[in-house]
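*Asks:* turn this into a model:
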Amino acid sequence: MRKNWFFIALTGAFVLSGAAHYMRWGAILEFAFSSVAILFVAGFLGKATESVAHYAGQRLGGFLNATFGNAAELIIAIFLVKEGLFDMVKASLTGAIIGNLLLVLGLSILLGGLKYKEQHYNIHLAGYNATLMMLAVIGLFVPAIFVKVENFSFEQDRLLSLTVAGILIIAYILWLIFSMITHKDTLAESEATSAGHGEQPAWSKKTSILFLVLATVMVALVSEWLVGTLETFTTRFGLSELFVGAFVIAIVGNAAEHSAAVMLAMKNKIGAAVEIAIGSSLQIALFVAPVLVFVSMLFGNTMDIVFTTIELAAIGVSVFIATSISRDGRTNWYEGALLLMVYIILGFAFYLV
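*Replies:* Modelled structure (predicted):
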């Protein structure tokens, strides 16, 4: 019965969003319906990835959760890049990184910790995640410092951005090989905390794959409708592109990670929840952001990888506290509350910009 109600709500939200877009109901109504629709679509995407992950195994399943969970952010960002809204793209990427590290991870640890006094996950994976997060900060920090301090020309800026983007992509691909092939046994969770342990998948293997493809297509459509309303929305309510990109778009786009990670944490599968939250942030920083640099080049106007001081500070703070909390392989509800407090502090500061 609950599944039937979900699909009815999903269909209704998607249809209303499409009607608002094609029948020109106005930018504000279109933004509202599209935001609600993408929450349901992202939830559908989260359920589909969780079901596929059951058949694919834990390591590949975690990768699929991160990849398809980030589909909303990637597709939204591509449409923003196409429109030349580079500042909003970088803000949305910043929001996706800090949203996963602070909001998604924080909620998962908090709600899981309220149910279980202390939760444990693979300490080796926690250590590698911490190192990769530092690499992500370095990859975003170095271009910003050199371009601004040395007053690089446009060509120097473009060349540095493309070079750093390429290196980050290579680093992420090597991480996938390391974690899924050469050292997959070292980084595997125990049977008791694996994502699909002791549960039946929501759908059959073929149905899960079909729904995964369908959800991705729906995310693409709703994302395009949502992006078309952003300029009017920000102007009407006097919000900065930085706040809309870093928090409004990021919270909407992170719905898939929210649903999957929180549900897993509350089933005492904190390892899978941490992998989704931190893995998604790493994928945004090491793969999605660099890929968008190359995508923008195909559109004829290359986006640099130079983030603002505010964005770098927010990412750096998020990585610092997330690393401090996650490195020991243990979590409790208080650590989740601390992550959420940092997210609120950053959100209020961004709102005042």
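
*Asks:* next, the contact list for L346, please.
*Replies:* By Cβ atoms under 8 Å, 6 or more residues apart in numbering, L346 lies in contact with I98, L102, A314, V317, S318. Backbone N, C-alpha and C define where each C-beta goes, glycine included.

*Asks:* okay, now the unreliable bits of this structure?
*Replies:* By pLDDT under 70, the low-scoring segments of the chain are 1-3, 53, 57-62, 65-66, 69, 72, 189-200, 241, 250, 252-258.

*Asks:* just give the number of residues close to L242.
*Replies:* Using other Cβ atoms under 10 Å as the criterion, L242 is surrounded by 23 other residues.

*Asks:* swap that for Y334, please
*Replies:* Neighbours around Y334, by other Cβ under 10 Å: 11.

*Asks:* and what of S296?
*Replies:* Count around S296 with other Cβ under 10 Å applied: 22.

*Asks:* next one: the strand or helix carrying it to chain centre, how far?
*Replies:* Using DSSP states H and E, S296 falls within helix 289-298. Computed by Cα atoms, centre = their mean, to the nearest Å, the separation of helix 289-298 from the middle of its chain amounts to 17 Å.

*Asks:* tell me the buried residues in that helix?
*Replies:* Within helix 289-298, the residues scored as buried using 16 or more other Cβ atoms under 10 Å are A289, P290, V291, L292, V293, V295, S296, M297.

*Asks:* for the nearest residue to the last one once chain neighbours are set aside, list the residues it contacts.
*Replies:* Counting by Cβ to Cβ, 6 or more residues apart in numbering, M297 lies nearest to L162, which is 7.3 Å off, once chain neighbours are set aside. Residues in contact with L162 (Cβ under 8 Å, 6+ apart) are V293, F294, M297, T302.

*Asks:* tell me how far the second one lies from I78.
*Replies:* I take that to be F294. Using Cβ to Cβ, to the nearest Å, F294 is found at 11 Å from I78.

*Asks:* likewise D328?
*Replies:* The gap separating D328 from I78 is 37 Å, by Cβ to Cβ.

*Asks:* neighbour-wise, which of these two wins?
*Replies:* The neighbour comparison of D328 against I78 (other Cβ under 10 Å) goes to I78, with 21 against 12.

*Asks:* quickly find the element holding that one.
*Replies:* Assigned by DSSP H and E, I78 belongs to helix 71-82.

*Asks:* would you tell me which helix is longest in the protein?
*Replies:* For the chain, the helix with the greatest residue count under DSSP state H is helix 27-56.

*Asks:* buried ones in it, by neighbour count?
*Replies:* Using 16+ other Cβ under 10 Å as the test for burial, helix 27-56 gives 27, 29-56.

*Asks:* re earlier: what sits up against the helix holding I78?
*Replies:* Here helix 71-82 makes contact (Cβ under 8 Å, 6+ apart) with 38, 41-42, 45, 86, 88-89, 92-93, 96, 216, 219-220, 223-224, 226-227, 249-250, 252-256, 284, 288, 291-292, 295-296, 299, 303.

*Asks:* write the PyMOL selection for whichever of those residues are buried.
*Replies:* In PyMOL, this line selects whichever of the contacts of helix 71-82 come out buried by 16+ other Cβ under 10 Å:
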select buried, resi 38+41+42+45+86+88+89+92+93+96+216+219+220+223+224+226+227+249+250+252+253+254+255+256+284+288+291+292+295+296+303
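
*Asks:* what's H120 sitting at in phi/psi?
*Replies:* Main-chain dihedrals, H120, degrees, to the nearest 10: phi -120, psi 150.

*Asks:* residues contacting the residue nearest to it when sequence neighbours are not counted?
*Replies:* Closest residue in space to H120, ignoring its immediate chain neighbours: R330 at 5.5 Å, by Cβ to Cβ, 6+ apart. Counting by Cβ under 8 Å, 6+ apart, R330 makes contact with E118, Q119, H120.

*Asks:* include neighbour count when you put the residues you listed into CSV, please.
*Replies:* Below are the contacts of R330 laid out as CSV (neighbours: other Cβ atoms under 10 Å):
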residue, neighbour count
E118, 11
Q119, 23
H120, 17
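
*Asks:* got a markdown table for those residues, with distance to K269 too?
*Replies:* Output for these, formatted as a markdown table (distance: Cβ to Cβ, whole Å):
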| residue | distance to K269 |
| --- | --- |
| E118 | 14 |
| Q119 | 9 |
| H120 | 11 |
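
*Asks:* pick the one among those residues closest to R236.
*Replies:* Comparing those against R236 with Cβ to Cβ picks out Q119 as the nearest, at 43.2 Å.

*Asks:* would you map the helices across the stretch 101-250 of the chain?
*Replies:* For the stretch 101-250 of the chain, the helices defined by DSSP state H, counting those that start in this stretch cover 105-115, 123-149, 154-177, 184-187, 205-227, 230-237, 241-243, 250-253.

*Asks:* so which of the ones you listed is nearest E275?
*Replies:* Taking the helices of the stretch 101-250 of the chain one by one with Cβ to Cβ, helix 123-149 is closest: 7.1 Å.

*Asks:* what angle do the closest one and helix 289-298 make?
*Replies:* 40 degrees (axes from the mean of the first three to the mean of the last three Cα atoms, to 10 degrees).

*Asks:* who does helix 123-149 touch, helix- and strand-wise?
*Replies:* When contacts are defined as 3 or more Cβ pairs under 8 Å, 6 or more residues apart in numbering; DSSP states H and E, helix 123-149 packs onto helix 154-177, helix 184-187, helix 270-283, helix 309-326.

*Asks:* could you check the angle the first one makes with helix 123-149?
*Replies:* Translated: helix 154-177. Angle between the axes of helix 154-177 and helix 123-149 is 180 degrees (criterion: the same axes, to 10 degrees).
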